[in-house]
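1. Pasting the sequence and the predicted coordinates here, then a few questions.
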Amino acid sequence: MLRPWQLHITLNEGQGRSLQERLLNSLIGQIQSGRLPPGEALPGSRTMAQQLGVNRKTVQWVFDEMIAQGWLISEPRRATRVSPVLPEATTAEHNALPAQTKLRSIQLMPEGFNSQAFRQQLAVSPNDGVPDLRLIPYEQLASACRRGLLQSIHSGALGYGDPRGELTLRQALKQMLSMDRFMNVSTDEICVVRGSQMGIFLTAQLLDPGKGAVVLEALSYPPAQAAFEAQGFKVLRCRLDEQGLDTEHLQTILAEHSVAAVYITPHHQYPTTVCLSVARRMALLKLSLQYDFVVVEDDYDHEFHYDSRPVAPLASLPEGGNVIHIGSLSKVFAPGLRLGYMVAAADFIDRIAEQVMLVDRQGNAIIELAVADLMASGQVKRHIRKARRIYQQRRDFTVSLLNQLLPDKLSFDVPAGGMALWLKCHHPVSDEGAAQLRSRGFSVARSFGNGVGSDRLRFGFGSLSTDEINEAVVCLAQWLR
């Protein structure tokens, strides 16, 4: 079998008086340091001799000596390997060798909210409203990736390209935004990024630092807060109710603080799933013009709205000039594809592209071309229709099951879309219960903001089959009883 990598060995003067001793001690040192783990196959004696520029008999003598000492084992018609049971060092020369170099502890800044947000996110269930990867059209995606690779080779796209993303994908996104979301934009107003979180972070880097605060909803996405605080902004919380962000409370905040941006998830509020009302949308945009702040619209799952046509994004409205629209294809396919996009004025997108050049240079041309291919052929729209139907069935099944098994233990509103439910338990969930329920798709509310009790749960049903949903709800029922 072809070896994936060539093993490089160095011979230092301090490792022994003769060439044989230096090679012997070098190999023993590599084994003891863990670089050559038990069972690792060594190159043949001829290959190692050629690499080191020594006589093959020298290497053979060292191998024989290490086999005799128990460091190596040799079997007929198989490579010489590191012994699964290692002996103690016995030679004086080896005992005199300096200790292996270790990475030293690096001095870091004190932990801030970034570290806290990282721990909070670990407490969120991995099934927190994520798509079901079993639904991905793998064959079509694989074929599109192959075509994308060939196209990249023929067009030279595997070299350095536009930091805003492949033009073909931006053209496909432009058409989708125009037809599906009422957004009349040009390709110069679109930048492809590696997921919505990258878009949030890049936006935070370009906000006016002279305005020292950013407003988030009372419950929100912890990594978004971390991105703004990493740039030195003070995060203020605005109240939420059944209509979404409370714009009257927001106006009070704006009168008392200098605000650079309001970060909001208006379509399906994260984590409560509430849809921002039309009146609140208009009020928010008017306030953005009055107080001159940016609205960062995180439209993370626009495709999955069940009860009616999705509400138009803030960026599509006539007063939406101050909106930075951030979308994601992660919910359509899979988070692992790392595809998101930003839509804003062309001069802002140019500044975003400058930031991309500093940290990532550009995206993945092959994946971008593949997804553009699937969008242009209608495969993406076909997949969305199929997935939307399945997720709606799972929502309705979950709602029916909760009403059947736990009518007196919790209450909730049926969300118009998304892949999660926001539940209010009549009694708090213990820490032990929260840990057990996390693996079933439940996340306690305190993972999304401070000062929130443990009587609220977010349940991600999207990635679960009906059998798995049934198991999760039965587990919840056992804990609540």
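-> Now that the structure is in, tell me what you want to look at. All of these numbers come straight from a predicted model, not from anything done at the bench.

2. Count the residues that sit near S83.
-> Around S83 there are 17 other residues, counting by other C-beta atoms under 10 Å. For every residue, glycine as well, the C-beta is placed using N, CA and C.

3. Same check on L177?
-> 22.

4. Helix, strand, or coil at it?
-> helix (DSSP: H, G, I helix; E, B strand; the rest coil).

5. which ones are touching it?
-> 183, 185, 190, 343 (C-beta atoms under 8 Å, 6 or more residues apart in numbering).

6. Need the max-distance pair from the residues you listed.
-> Maximum pairwise distance among these (C-beta to C-beta): 9.8 Å, between M183 and I190.

7. still on that earlier bit, now render the contacts of L177 as CSV, adding secondary structure.
-> Formatted as CSV, the contacts of L177 follow (three-state DSSP):
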residue, secondary structure
M183, coil
V185, coil
I190, strand
V343, strand
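
8. out of these, which one sits closest to Q393?
-> Using C-beta to C-beta, M183 comes nearest to Q393 of these, at 29.5 Å.

9. pLDDT on whichever strand or helix holds I200, on average?
-> Using DSSP states H and E, I200 maps to helix 196-206. In this model, helix 196-206 has an average pLDDT of 95.

10. after that helix comes which helix or strand?
-> Counting by DSSP H and E, the next helix or strand C-terminal to helix 196-206 is strand 213-217.

11. what's the angle between the helix holding I200 and strand 213-217?
-> Angle of helix 196-206 versus strand 213-217, following axes from the mean of the first three to the mean of the last three C-alpha atoms, to 10 degrees, is 150 degrees.

12. Make residue 1 into 563 and carry on from there
-> Done: numbering now begins at 563, and the last item shifts to helix 758-768.

13. helices or strands next to helix 758-768 in the packing?
-> Contact here means 3 or more C-beta pairs under 8 Å, 6 or more residues apart in numbering; DSSP states H and E; on that basis helix 758-768 packs against helix 784-792, strand 856-861, strand 885-890, strand 902-905, helix 908-921.

14. Can you give the contact residues for it?
-> Contact with helix 758-768 is made by 755, 776, 785-786, 789-790, 792-793, 795, 823, 825, 856, 858, 860, 862, 886, 888-890, 892, 902-904, 910, 913-914, 917-918, 922, as judged by C-beta under 8 Å, 6+ apart.

15. Name all residues that make contact with V616.
-> 581, 585.

16. Could you name every residue contacting both of M745 and I752?
-> Jointly contacting M745 and I752 under the rule C-beta under 8 Å, 6+ apart are 739, 905.

17. quick one, which of the two is more surrounded?
-> Ranked by neighbour count (other C-beta under 10 Å), M745 and I752 place I752 first, with 26 against 23.

18. Would you quantify the distance from that one to I629?
-> 63 Å (C-beta to C-beta, to the nearest Å).
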